[in-house]
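Q: Provided below for reference: sequence and predicted model.
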Amino acid sequence: MLSDPSRPLYEVKAGLFKGLAHPIRIRILEILSGADEVSVSDLLRDIELEPSHVSQHLAVLRGNRLVVSERRGSLVFYRLAYPQVADLLRVARALLGEILETTQQQLAEQGALPAIPDTSRSIDR
């Protein structure tokens, strides 16, 4: 966990990325990045998953200190624990865009290569 001071920093970082390594958790963080805070009921509406599944993902995000929650009466609100989480998502999206752009360029270059003749011979038996 993040609180173990004897763990090397690279292991702590890897744990943080494991906490991010699910599309639903990324989606939750993206939603929270766009607002000061979001109620669980709004998250449920936006994500369209069972409450128990959303709760499990929120628990992982809380455990990795990426989000904080606050109960107000019967409602629970979540927000990003640090503004850098939104920065991390923004950088990841930009990196992914560059990777996909490079892949598209490589695919286009491959499509422009001359055809390779089929020299295989069918064997009659």
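A: All right, it came through fine.
Q: now the helices: where do they sit in the protein?
A: 9-20, 23-33, 40-47, 51-63, 84-111 (DSSP state H).
Q: show me where pLDDT drops low in the protein?
A: 1-3, 122-125 (pLDDT under 70).
Q: Go again with 80.
A: For the chain, applying pLDDT under 80 flags the ranges 1-5, 120-125.
Q: so how far is Leu89 from the residue nearest to Arg27 when sequence neighbours are not counted?
A: Take Arg27 and drop its neighbours on the chain: the residue closest to it by Cβ to Cβ, 6 or more residues apart in numbering is Ile47, 6.1 Å away. From N, CA and C alone the C-beta is placed, and that goes for glycine too. Applying Cβ to Cβ, to the nearest Å, the value for Ile47 to Leu89 is 16 Å.
Q: My guess is the residue nearest to Arg27 contacts Ile28. True?
A: Yes. Ile47 is in contact with Ile28 according to Cβ atoms under 8 Å; the separation is 6.9 Å.
Q: So what's the residue count around the residue nearest to Arg27?
A: Residue crowding around Ile47 was assessed by other Cβ atoms under 10 Å; the count is 15.
Q: The nearest residue to Leu32 once chain neighbours are set aside pairs with what?
A: With Cβ to Cβ, 6+ apart as the criterion, Leu32 has its nearest non-adjacent residue at 5.1 Å, and that residue is Leu80. Note on Leu80: beta-bridge partners by DSSP bridges are Val67.
Q: can you count the residues close to Leu80?
A: 20.
Q: Make sure it is actually in contact with Ser69.
A: No. If you go by Cβ under 8 Å, Leu80 and Ser69 don't touch, sitting 11.3 Å apart.
Q: Would you point out which residue is most central in this structure?
A: Centroid-nearest residue in the chain: Ile26, 3.5 Å away (criterion: Cα atoms, centre = their mean).
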